[in-house]
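[1] when you get a sec, could you give me coordinates for this:
(chains A and B)
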Amino acid sequence: MRSKPIVMEHFSTVHSSFVVDFVFKNNITVLMGDSGIGKTAAFSFIRECMAVNPQILCLNYLDYQKDIKEIICKVEGKLIVVDNADILLNDDTRKYISLDDKNQYLIIGRNPKNFFTTKENLFELVSEKIGEQTKFKIKEYL
Amino acid sequence: MITIFKDRQDIPKTMEYVELNDLFFNQNTAMMIDGQAEKIIEIIDDAKLISKYKIKSRFNDVAIDIDKLSAGCKTVLNVMYYPDKVFCLKECGNNALEVLYGFEKGNVCSEYALIPFGMVSVMVQGKTDRMVISDYETLKEWWDNEK
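    Alright, predicted model coming up:
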């Protein structure tokens, strides 16, 4: 599914020696790939920005007991970042996300079911060492 | 070989199902970590176990708490240290699946297929039936078939 990002086309932040530098090409970005490549680390750096950036909303397994669909139904103009998406998002919530035109999504998980995604939505994390720093970027998965 | 369930309803009542591998690891498995985990942590997360609760990060060589392991690596370690429980398989990347499928025992569950290309034999268990599957295509077919 090709649709322009409605909240931001670029997100960047720094956390000590880590740099997150993501360019979004679609409104729904599914971030997949091997275990241990830094997806959750990148999530934690983005989550830190929630303290100062009202456009960011982060959810992960700590929100397991909550009604995720109810949370995202109530917000507008956010980049909603979901880690542990494969256990957190049920079919109903996935369908809602796929049709949501008020928010943008970065979904960290490997199961794109019910997002109605195409290869344009699928990305993987790449890290690059620049001196003492590690830079995280996203690139097309397929 | 590991046993795979594709429906939580098929898991015997005597076996506990764990969906939140992160939490289970942090609260239970972390304190059991020993030399057995060393190689697994290295293969999956490219990190080095430097003490019982510390690993050296792959990114900057900094010593960090073992709770920073990936969810996939934690799942594999949960299965290894608790072979009597059933763990959710969904947060395993292909590198974690490769290791997990090589275990001699352990139990996992996922409603959809998660199979590494280099798989060997696994046990699959439905409500009443139980059988060994040794190839990718047959396992995929079992997983995709109606319950």
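[2] how many residues are close by A:Pro5?
    A:Pro5 is flanked by 19 other residues according to other C-beta atoms under 10 Å in any protein chain shown. Where C-beta positions appear, they are placed from N, C-alpha and C, glycine not excepted.
[3] next one: A:Ser3
    A:Ser3 has 14 nearby residues by other C-beta under 10 Å.
[4] spell out the secondary structure type for it.
    The local conformation at A:Ser3, judged by DSSP: H, G, I helix; E, B strand; the rest coil, is coil.
[5] excluding covalently adjacent residues, which one is nearest to it?
    A:Asn27 (4.5 Å; C-beta to C-beta, 6 or more residues apart in numbering or on different chains).
[6] pretty sure the one you found sits against A:Gln104.
    Yes - A:Asn27 is within contact range of A:Gln104, at 5.2 Å (criterion: C-beta atoms under 8 Å).
[7] common neighbours of those two, please.
    A:Pro5, A:Ile6 (C-beta atoms under 8 Å, 6 or more residues apart in numbering or on different chains).
[8] the two - which one has more neighbours?
    Comparing A:Asn27 with A:Gln104 by other C-beta under 10 Å, the one with more neighbours is A:Gln104, at 25 against 21.
[9] return the distance of the residue lying closest to the more buried one once chain neighbours are set aside relative to A:Ile56.
    Residue nearest to A:Gln104 in three dimensions, not counting chain neighbours: A:Val7, with 4.0 Å by C-beta to C-beta, 6+ apart. The spacing between A:Val7 and A:Ile56, counted by C-beta to C-beta, to the nearest Å, is 9 Å.
[10] now do A:Asp21
    If you go by C-beta to C-beta, the gap between A:Asp21 and A:Ile56 works out to 15 Å.
[11] which one's more surrounded, those two?
    The residue with more neighbours, out of A:Asp21 and A:Ile56, is A:Ile56; 21 against 14, by other C-beta under 10 Å.
[12] OK, contacts around the residue nearest to the more buried one when sequence neighbours are not counted?
    The spatially closest residue to A:Ile56, leaving aside those adjacent along the chain, is A:Met50, at 4.9 Å (C-beta to C-beta, 6+ apart). Residues in contact with A:Met50 (C-beta under 8 Å, 6+ apart) are A:Ile56, A:Leu57, A:Cys58.
[13] and the contacts of the strand or helix carrying the second one?
    Okay, so that is A:Leu57. Assigned by DSSP states H and E, A:Leu57 falls within strand A:56-59. Residues outside strand A:56-59 that contact it (C-beta under 8 Å, 6+ apart) are A:43, A:46-47, A:49-50, A:68, A:71-72, A:75, A:78-83, A:88.
[14] 7 Å instead?
    For strand A:56-59, the surrounding residues in contact (C-beta atoms under 7 Å, 6 or more residues apart in numbering or on different chains) are A:43, A:46-47, A:49-50, A:68, A:75, A:78-82, A:88.
[15] send me that strand as PDB with only the CA atoms.
    Only the C-alpha atoms of strand A:56-59 are listed here, as PDB (Å, rounded to 0.1, in the frame of the first residue of the first chain):
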ATOM      1  CA  ILE A  56       5.200  10.700  19.200                       C
ATOM      2  CA  LEU A  57       3.300   7.900  20.900                       C
ATOM      3  CA  CYS A  58       5.100   4.700  21.700                       C
ATOM      4  CA  LEU A  59       3.500   1.400  22.700                       C
END
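[16] return the distance of that strand from the chain's centre.
    Averaged C-alpha coordinates place strand A:56-59 at 9 Å from its chain's average position (C-alpha atoms, centre = their mean, to the nearest Å).
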